[in-house]
Structure formats: C-alpha cells, structure tokens
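>>> would you be able to build a 3D model of this:
(2 chains)
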Amino acid sequence: MPEKDTLLLEVRNLKKYFNLRSGFFYSKSSSSVKAVDDISFFIKKGETFGLVGESGCGKSTTARLILRLIKPTSGIINYKGSDLVRLKNSQMLKYRKEIQIIFQDPYASLSPRMTIGDIVNEPLEIHKVGNKNSRLKRIKEYLKTVGLNPEHINRYPHEFSGGQRQRVGIARALVLQPELIICDEPVSALDVSVQAQILNLMLDLQNEFNLTYLFIAHDLSVVKYVSNRIGVMYLGKIVEVAPSEELYVNPLHPYTMGLLSAIPIPDPELERKRQRIILPGDVPSPINPPSGCRFHPRCPNAQDICSKEEPVLKNYNKDGKEHLAACFFAGKPI
Amino acid sequence: MFPIKEEKNKQPIDDSDLGNIIEESITEENKFDKKYSKSSLYKDAWRRLVRNKLAMIGLAIVIIMALIALLAPYIAPYDPTYREKTASQQGPSASHWFGTDILGRDIFSRVLYGTQISMLVGVIAVAISLAIGLFLGAISGFFSGIPDAIIMRIADIFFAFPYILGAIAIMTILGPGVLNIFIAIGLLGWASVARLFRSSILSIKEKEYIEAARALGASNSRIIMKHILPNSFAPLIVYSTMNVGTAIIVEAALSFLGLGVQPPTPSWGKMLSESLNYINSAPWLMFFPGLAILITVLGFVLLGDGLRDALDPKLKR
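So this is what the prediction gives:
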C-alpha cells in the first residue's frame, strides 16, 4: 500500500451481485450473479493499472462501479479520501468531472445524432464550464490534441473511421481535464494498426496531462504495453496483482500462467516451440461459482484443499515490491 | 517619461480584443464548415428519399391532397350540399365531372370537400395517439418496473380489440360526430405508439452513449431530451405517416357504418355507403369516393415506406 499522497483510488472489498428475477410479475429474487465478488486494489497517481481477464469476469462491471453507473452491493471506493459509494448524486457530480471513461465500442459510445462538436461540448455544458466561445475554443483545442481536424467540428460520427471515433471519445473524456480515466477495452474494437496509434496517443496524453489510467482489457499484450501494474481477474475475483514486468516474467497464479502462454510470439521459430498451457473446460457460471478456489475445476495443480478453502491474496515478493497472488500453490509450475 | 509612454502604448491588446479576434476566426471557420461539411442523418435521409421514385409519388399525392383539403372551397365548382333538382343521378359529364348523386349533388365537389374530413382525421387522430403514446411510452421505457408493467398491460388490452370493433365501441359511447371520430381513432392508436417508443427507448437506454452521458453526470431529463428522443424519432415518423392512412380508412369505415360523419357533411366513407343501393344504376357514385380513399391512403403508405427506407441507418452503404 503506498502513502496517502501518492494514492489516488483505492477499492476495498467491492462486491456487486445482480439479482436474477424470475416469474411473470416481479417475484422475489431466487439467485444472483456474483459479477464482482470482494475485490480490492489501489491505483497510484500517474500510473496505469491494468485489469485483465476473459469476458464476463467482471472487469467492465468494476469500471461501472467506480463511476457509479451501477450501485455496488457493498464495499468502499475511496477516491482522494472520499468514499464514492456513499456520496449523494449532487456530491458525486464534482468527482464525475475528475473521473472519466473511454468506452470499448466507438460506434456505440457516440450518439449518432450529435456532431462531434456537440459530443465534446456535452461534458462542458453539464459541468457549466466557461461560456459559448471559450467552450468552442476548448473543443477545437482538444480535437487537435487527440489528432483530429478541428474544422470537422460539425461532422457526425458516421463520417469518421473507428479510430477517429475513438479519438472523439478520448477528446470527450479529456476535455474536462480529469485525473483518472477509466479505459474500458478502449482498443479491442479497433484494427491492430489503429490500436497501436490509439495506445500511443493515450500514452502521450498521459505524459502531457499527468493522467492516471485504469486500463481494462482482455488482450495481455496490449495491457503489458501500457500498464505499470496489472491485476488479473477470474470470475469476479482478483487472483494476482503485480508490476507488469514481474507478472510477465514470474507469474504465480496458474490462471495467469495459462493466459500468458496464450500470447502468440511474432517469430515463427519460437512460436512453433512455444509451450501452450491449455486450461480444460469453460469459465463456470458466476451464478453458482465453484467452492473454495474458483479456479480449481480448471486448474492442473488443484488438490483437495482448493475445493474446500478459498485462498486469499498474499504477497509473495520478498524485496518490498508487491506481488500478490491468491493460490495455495503459488508459483508452482504447471 | 517618453519610453514609459511608449511601453504603455505597446500593450493595449487586452483580453476582450483577443476574445473578439478569436471569435471572428471561429465564426469564419464555422461558415466554412456549414457550407462544405454540414451533413446530418436527416439530410442524408432526405437525399435518399428524393432518389426513391415511389416515395416521391407518395409525397406528391400527400401534398396535392393537403392542398385540395385547404382549397376545396375555392376549387369546387358547386356547394357540396347543393341539390340540383334537374340533375339527379347523372353520369360524368362536362358540367358534373364525376356525375351527380340521387339528390342531384355534384360528386366532384363532394369528393373535394371529403378530403378535408379525411386529412383532418388523419392528422388530428394521429396527433392524439402520438401525444398519449409518447408520454406513456416514455414513462414505461425509461422508468421500467411497476409503471411499465401497468402501462404495457393496458396497452395489451387495447391490442386485444380489433381496431374497427374498438372504434365502433367508442363511437357508440361517444355518439357520432367528427370530433368524436378524432377521439376514437386517437385513443385506439396510442398503444402502438407507446409500444414503439418504449421499445426504442429500451434499446437506446442500453447504448454506451447513454452510459457516457450518465458518467458525465447528465440528468434524466437531459438524457431523454438530448439523447433518447433524437435517436428514436425515425421509427415514430415512419409509423405516424403510415398510421395517417389507417386513420383515414377507419374514418371511412365508421362513416360507412353510419357512426362517423353525419349527413349532409361530405365524407368519402359516407358517400360509399349512400351509393350502395345504386351500385348497378350509378356506379360512379361508388367509384370516385373509393378512388379518392385508395389514392390518399396509397400516398401515405408509399411515403411512409420510402421514409422507412430513407431513415434506416442499416441501409446506409
């Protein structure tokens, strides 16, 4: 845990259970989806914290919980000393200015009936920043910053390519000069060549504006490229947290090992020799997660204890750096 | 003294001037933009609509019918209720283009005046269903839960009635008359509008740009007005246009059954029912009002069809 003045966001014991409704009219809930189940992590000022995991593991739910787009079942989201979970909507408005989001799908995240100028203007209008002229100036400035032609301010999103649309989305997130930007798979809907452009833009912006990113993705190579620290999620739980070089060199959790072995190597010789760890089976349903360690039905190292007790995140690094893993046999090779 | 004065003279560009300069350059750019690159979904849609010949025919029919309705008193050669006693049941001729009915009234004039009722019914009834349907549909779609369940179950009840039967029932309660036709048809139409609007709200509500607006702290009313309404207009426009045709037919049917417009006010449906007994001896009595209904409804349907094609973003490229 870092000192107070470098800490920007701390999530503690965050839970989100979605109740499943059944019946014709609205009967009592019978079961719930444990989308996010007791996760804790922190983000330091100016760093990029990557959150990886496969579809449905609760990454995006975590993003939406932090932005309070959905209400958590329980837990604490501590941003600069105030708990976002307990704020009133009116108090939250102040923080909405500081925490922004970039969405996955640049085709769905921009209203098709608004010009890109209107789209970037909306945050300014909601937070009543400046007057009409100063806003216009600022919009153009930010469109330029993200690499768009400010003359295109009156164009509509459908006139742009996916990469350009994502730039509009970034301009919208940036225009209020936020501190924390939550990037919910910002490049996974883009072509690989465009992905690199957008990632580089995001890194440049981070340096220029001193931004902090929570970077959510399922592509490990992308996360590795941008993140300082990485958290690996599986079925609503964080199973491993480590600095990114450390995680790639020395993964401790068998799930992380499996994920890492799935990254293709851009060298045919090495790629042919690459050992792949194929995890058996599918991700179990989050309605009825497995007992004990949630990974045990798919884990090659599983033993009796794994199905009975739930492992907690423990630090396995001796030189003061944090390398957390939730596994009884952390570091044991598969 | 002198150098200081010069210094002072050198810095007179204050903030307001700077603002003006920037403003000027911005408006210049804006003009440029509007001239060369302003294009919206509706403009694109209009371009597609113009290219669609059938839709243009429909639009022409609708415009002509609207003009006829407005100008009927000026273009009709006779008063629609005037009885020319010497000219009973005459076929089409130079003096009576569409012939005369049993009472010696000029069919051409009556068809022209009938346009007024049909167009009014179409527009007002649809406006009533839109007003009720949009309001209830918005509540239902946006707030979901119990209000949604109640509104949609009531809508289901309305759907369970056959349209004409429902109209007959309401007309029987309210009594015949032009105003009551508006109310009856309007009341019956709201359920479809509400359902349509609710479904588009439900699909739009889940879109990421709504989430983006929420993340920015936009209020509910802002989200409805700025994001949901503009994005759900297209299906409503199409539906309303089509529905004008339906409303015209229902009015004709009600008048045909004697529940609608009362004589001697000319209405196409009423004229059809009056012509029933003379179908063999004077077929023109039936032919011209029938043709008027056919053409008008066809006009609205063609236009609606064209609008749907033009507004559907999926057809774009």
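>>> which parts of the stretch 101-250 of chain A sit against chain B?
In this structure, the stretch 101-250 of chain A approaches chain B at residues A:101, A:103-105, A:108-114, A:122-123, A:126-127, A:133, A:136-137, A:140, A:150-156, A:158-159, A:169, A:172, judged by C-beta under 8 Å from any C-beta of the partner chain. The way it works is simple: take the backbone N, C-alpha and C, and place the C-beta from them, glycine included.
>>> now do 7 Å
Listed as neighbours of chain B in the stretch 101-250 of chain A under the rule C-beta under 7 Å from any C-beta of the partner chain: A:101, A:103, A:105, A:108-113, A:122-123, A:126, A:133, A:136-137, A:151-156.
>>> those strands in the stretch 1-150 of chain B, which residues are they?
Under the criterion DSSP state E, counting those that start in this stretch, the stretch 1-150 of chain B contains no strands.
>>> low pLDDT regions in it?
Across the stretch 1-150 of chain B, the ranges flagged by pLDDT under 70 are B:1-41.
>>> what do you get for the stretch 1-150 of chain A?
Screening the stretch 1-150 of chain A residue by residue with the criterion pLDDT under 70, one finds the ranges A:1-2, A:21-30.
>>> would you map the strands across it?
Listed from the start of the chain, the stretch 1-150 of chain A has strands (DSSP E, counting those that start in this stretch) covering A:7-20, A:31-44, A:48-52, A:74-79, A:82-83, A:99-102.
>>> ok, which stretches of chain B are helices?
Taking DSSP state H to define them, one finds helices in chain B at B:2-10, B:15-36, B:41-51, B:53-75, B:107-120, B:126-143, B:145-160, B:163-174, B:178-205, B:208-216, B:220-222, B:229-256, B:268-275, B:284-311.
>>> if we ignore the residues flanking it in sequence, what's nearest residue B:282?
Among residues not flanking residue B:282 along the chain, residue B:89 sits closest, at 5.0 Å (C-beta to C-beta, 6 or more residues apart in numbering or on different chains).
>>> pretty sure residue A:224 sits against residue A:246.
No: using C-beta atoms under 7 Å, residue A:224 is not in contact with residue A:246; the gap is 11.4 Å.
>>> what about residue 111, neighbour count?
This is for chain A. Per other C-beta atoms under 10 Å in any protein chain shown, the neighbour tally for residue A:111 reads 24.
>>> try again with chain B
Residue B:111: 23 surrounding residues under other C-beta under 10 Å.
>>> contacting residues around it?
B:98, B:288-289, B:292 (C-beta atoms under 7 Å, 6 or more residues apart in numbering or on different chains).
>>> and the residue nearest the centre of chain A, bridged to which residues?
Note on chain A: the residue nearest the mean C-alpha position is residue A:216, at 2.5 Å, using C-alpha atoms, centre = their mean. Per DSSP bridges, residues listed as beta-bridge partners of residue A:216: residue A:51, residue A:184.
>>> give me the neighbour count for the residue nearest to residue B:242 when sequence neighbours are not counted.
Counting by C-beta to C-beta, 6+ apart, the nearest residue to residue B:242 once its immediate chain neighbours are dropped is residue B:304, at 3.8 Å. Applying other C-beta under 10 Å, we find 22 residues neighbouring residue B:304.
>>> so how far is the helix or strand where residue A:222 lies off the chain centroid?
Under the criterion DSSP states H and E, the helix or strand holding residue A:222 is helix A:220-226. Averaged C-alpha coordinates place helix A:220-226 at 12 Å from its chain's average position (C-alpha atoms, centre = their mean, to the nearest Å).
>>> any chance you could list what contacts it?
For helix A:220-226, the surrounding residues in contact (C-beta under 7 Å, 6+ apart) are A:48, A:50, A:52, A:187, A:195, A:199, A:202-203, A:215, A:217, A:230, A:244, A:248, A:259-260, A:263.
>>> now the buried members of the residues you listed.
Among the contacts of helix A:220-226, those classed as buried by neighbour count (16 or more other C-beta atoms under 10 Å in any protein chain shown) are A:48, A:50, A:52, A:187, A:195, A:199, A:202, A:215, A:217, A:230, A:244, A:248, A:259-260.
>>> name the nearest residue to residue B:75, ignoring sequence neighbours.
In space, and not counting its chain neighbours, residue B:75 is closest to residue B:112: 6.4 Å by C-beta to C-beta, 6+ apart.
>>> so who does that neighbour touch?
Counting by C-beta under 7 Å, 6+ apart, residue B:112 has contacts B:68, B:72, B:75-76.
>>> one more time with 6 Å
By C-beta atoms under 6 Å, 6 or more residues apart in numbering or on different chains, the contact list for residue B:112 reads B:68, B:72, B:76.
>>> so how far is residue B:60 from the closest residue in space to the first one that isn't next to it in sequence?
Okay, so that is residue B:68. Spatial nearest neighbour of residue B:68, chain neighbours left out: residue B:115 (4.7 Å); criterion: C-beta to C-beta, 6+ apart. Computed as C-beta to C-beta, to the nearest Å, the residue B:115 to residue B:60 distance reads 15 Å.
>>> those two: which is more packed in?
Neighbours were tallied for residue B:115 and for residue B:60 using other C-beta under 10 Å; the higher tally belongs to residue B:115 (24 against 13).
>>> residue B:67 is in contact with the more buried one, correct?
No: with contact defined as C-beta atoms under 6 Å, residue B:115 does not count as touching residue B:67 (9.2 Å).
>>> now do the shared contacts for those two.
Counting by C-beta under 6 Å, 6+ apart, residue B:115 and residue B:67 have no common neighbour.
>>> so which helix or strand takes in residue A:300?
Take DSSP H and E as the rule and residue A:300 turns out to sit in neither a helix nor a strand.
>>> quick check: closest non-adjacent residue to it.
Leaving aside its chain neighbours, residue A:300 sits nearest to residue A:334 (4.9 Å; criterion: C-beta to C-beta, 6+ apart).
>>> burial of that neighbour, as a residue count?
Residue neighbour count, defined by other C-beta under 10 Å, stands at 13 for residue A:334.
>>> tell me the spacing between it and chain B.
To chain B, residue A:334 is 38 Å away according to C-beta to the nearest C-beta, to the nearest Å.
>>> OK, contacts around that residue?
Listed by C-beta under 6 Å, 6+ apart, the contact partners of residue A:334 are A:254, A:257, A:277, A:300.
>>> next: residue B:240.
Contacts for residue B:240 (C-beta under 6 Å, 6+ apart) come out as residue B:126.
>>> the same query, at a cut-off of 8 Å, please.
Going by C-beta atoms under 8 Å, 6 or more residues apart in numbering or on different chains, residue B:240 touches B:126, B:130, B:193.
>>> the residue nearest to the centre of chain A is in contact with residue A:59, isn't it?
Yes: with the criterion set as C-beta atoms under 8 Å, residue A:216 and residue A:59 qualify as a contacting pair; they are 4.6 Å apart.
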